[in-house]
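Peer 1: Here is a sequence with its predicted model. Questions after.
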Amino acid sequence: MTPVIAKTREELAAVRSGVRGTLALVPTMGALHEGHRSLMRRARSAAGPSGTVAVSVFVNPLQFGPGEDLDRYPRTFAADVEACAAEGVDIVFAPTPEVMYPREPMVTVEPGAMGRIVEGETRPGHFAGMLTVVMKLLNLTRPDVAVFGEKDAQQLAMIRRMVADLDLPVEIVGAPTVREPDGLALSSRNRYLAADERETALALSRALRAGADAAGGGPDAVLHA
């Protein structure tokens, strides 16, 4: 089944008006891989056979800082639509930056202290941009459920806090991290890694597993590591 593709607010509103039952949303920046596809399957489970699954594909400029990879972030829209079709996705929302930000935003979502630690300490403004686009996507699609991966644990925690603090009428579902055979978490940016960089990247998952094993909880004790 080929999903309906909406690229403007008007097209999205038109297709959204015909949705019946539960709508489950999977927000992505595209370059979809098996990790994203597992989120789509989780969304289908949440929506049920008579519900609707929507996937957004949008590379959000607000969450990229100076010198980051906005221009070279992988964009593979045709392959993304094929992946969505294979997973039975009903709607793909693929706006341009001009659609999402028709004017420079003056009001954004401030993540507070949660956005200034860990990754936020080295990427100032990143989480404000991420929360702002998530808020906009939730407002535009009005889903009953939104599914995010546990791989981005800090992001997931802040989205849950934003939904709770601002009383947004959506259930946030976290889905387990999907890893490649060598243990590296699937990511659209993995294609950037040279062989030696990939080996270095594996140190994190190995350390998590070793720590969980040492604590007696097994590897599943640390965010499905």
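Peer 2: That came in fine, so what should we check first?
Peer 1: Show me how this structure divides into domains.
Peer 2: 4-179, 193-224 (the TED database).
Peer 1: pLDDT wise, what is residue 210 at?
Peer 2: You'll see residue 210 listed with a pLDDT of 88.
Peer 1: buried set for stretch 7-17?
Peer 2: By neighbour count with 16 or more other C-beta atoms under 10 Å, stretch 7-17 contains the buried residues 11, 12, 15, 16. (Each C-beta comes from the backbone N, C-alpha and C, glycine too.)
Peer 1: Check stretch 167-187 too.
Peer 2: Result for stretch 167-187 [16+ other C-beta under 10 Å]: buried residues 168, 170, 172-180, 184-187.
Peer 1: do the same with stretch 96-115
Peer 2: For stretch 96-115, by 16+ other C-beta under 10 Å, it's 99, 100, 101, 109, 111, 115.
Peer 1: swap in stretch 203-213?
Peer 2: Quick answer for stretch 203-213 (16+ other C-beta under 10 Å): 205, 208, 209, 212.
Peer 1: Now render those as a markdown table, adding distance to residue 26 and secondary structure.
Peer 2: Supplementary listing: the buried residues of stretch 203-213 in a markdown table, determined by distance: C-beta to C-beta, whole Å; DSSP: H, G, I helix; E, B strand; the rest coil:
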| residue | distance to residue 26 | secondary structure |
| --- | --- | --- |
| 205 | 23 | helix |
| 208 | 25 | helix |
| 209 | 27 | helix |
| 212 | 28 | helix |
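Peer 1: Among the residues you listed, which pair sits farthest apart?
Peer 2: Within those, two members stand farthest from each other by C-beta to C-beta: 205 and 212, at 10.6 Å.
Peer 1: Among the buried residues of stretch 7-17, find me the one that's closest to residue 87.
Peer 2: For the buried residues of stretch 7-17, the nearest to residue 87 is residue 15 (17.7 Å; C-beta to C-beta).
Peer 1: which helices and strands sit right next to the helix or strand hosting the closest one?
Peer 2: If you go by DSSP states H and E, residue 15 is part of helix 9-16. For helix 9-16, the packing partners by 3 or more C-beta pairs under 8 Å, 6 or more residues apart in numbering; DSSP states H and E come out as strand 4-6, strand 91-93, helix 126-141.
Peer 1: State the mean pLDDT of that helix.
Peer 2: pLDDT averaged over helix 9-16 gives 98.
Peer 1: that older thread, out of the helices and strands packed on helix 9-16, flag the one nearest residue 25.
Peer 2: Across those, closest to residue 25 is helix 126-141 (C-beta to C-beta), at 5.2 Å.
Peer 1: how about the nearest residue to residue 58, chain neighbours excluded?
Peer 2: residue 95 (5.7 Å; C-beta to C-beta, 6 or more residues apart in numbering).
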